[in-house]
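Here is a sequence with its predicted model. Questions after.
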Amino acid sequence: MSAPGAPRLADVEVGQQVGTATVHLTRADLVRYAGASGDRNPIHWDERTALAVGLPDVIAHGMLTMADAVRVVVDWCGDPAAVVDYGVRFTGQVPVPHEGGAVLEVSAVVGAVDAGAGTVRVDLTATTGGTRVLGRARATVRLG
């Protein structure tokens, strides 16, 4: 059963934009995510450590970036359980400066429709500072 107001397979077409988002990340977000996820690697919260290993600054967790990106798809389809597959390649980092944080820009477009399976492939683009940070980011969504 679809969520009320969810898109219907018959109304979706390849190339259709299904959503965009601007996500603001701060160091506090990274510390909270580290605690919740158990990933307490200091490159995500300690500037000295990040710089010492050659990073430009503290960087956001890849899985946090991945989660923030797919939220656009979940908001569009109205049901997280409708996302039956999701994968990305990490192609860049999201540096999160102490002052001002970072901005992640996400857009989602229908890449394919499989009427027989009742699914839609949504292709995501995620950038920060004009640089792509996720490659081959695709979610498969089952629609009613």
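Cool, got the structure. Numbers count the residues shown, from 1 in each chain.

got the residue ranges for the strands in the chain?
17-25, 83-90, 102-114, 119-128, 131-142 (DSSP state E).

what's the longest helix in the protein?
helix 62-77 (DSSP state H).

Check what pLDDT the residue nearest the centre of the chain gets.
For the chain, the residue sitting closest to the mean C-alpha position, by Cα atoms, centre = their mean, is residue 69 at 1.5 Å. Residue 69 carries a pLDDT value of 98.

Hmm, it is touching residue 137, no?
Yes - in this structure, residue 69 is within contact of residue 137 by Cβ atoms under 8 Å, at 6.0 Å. For the C-beta atoms, the positions are set from N, CA and C on the backbone; glycine is no exception.

list the residues that contact both of the two?
Common neighbours of residue 69 and residue 137, counting by Cβ atoms under 8 Å, 6 or more residues apart in numbering, are 88, 124, 126.

neighbour-wise, which of these leads?
residue 126 (27 neighbours; other Cβ atoms under 10 Å).

measure that one to residue 50 for me?
Residue 126 is 20 Å from residue 50, where distance means Cβ to Cβ, to the nearest Å.

so where's the protein uncertain?
Within the chain, the set of residues satisfying pLDDT under 70 comprises 1-4.

so what's residue 63 closest to, chain neighbours aside?
Among residues not flanking residue 63 along the chain, residue 37 sits closest, at 6.6 Å (Cβ to Cβ, 6 or more residues apart in numbering).

Give me the neighbour count for the one you found.
Count around residue 37 with other Cβ under 10 Å applied: 13.

Kindly report the same for residue 36.
Residue 36 - counted by other Cβ under 10 Å - has 9 other residues nearby.

check contacts around it.
With Cβ under 8 Å, 6+ apart, residue 36 has no contacts at all.

Give me the number of neighbouring residues for the residue nearest to residue 74 when sequence neighbours are not counted.
Distances taken as Cβ to Cβ, 6+ apart put residue 80 closest to residue 74, at 5.0 Å, once the chain neighbours are dropped. Number of residues near residue 80 (other Cβ under 10 Å) recorded here: 12.
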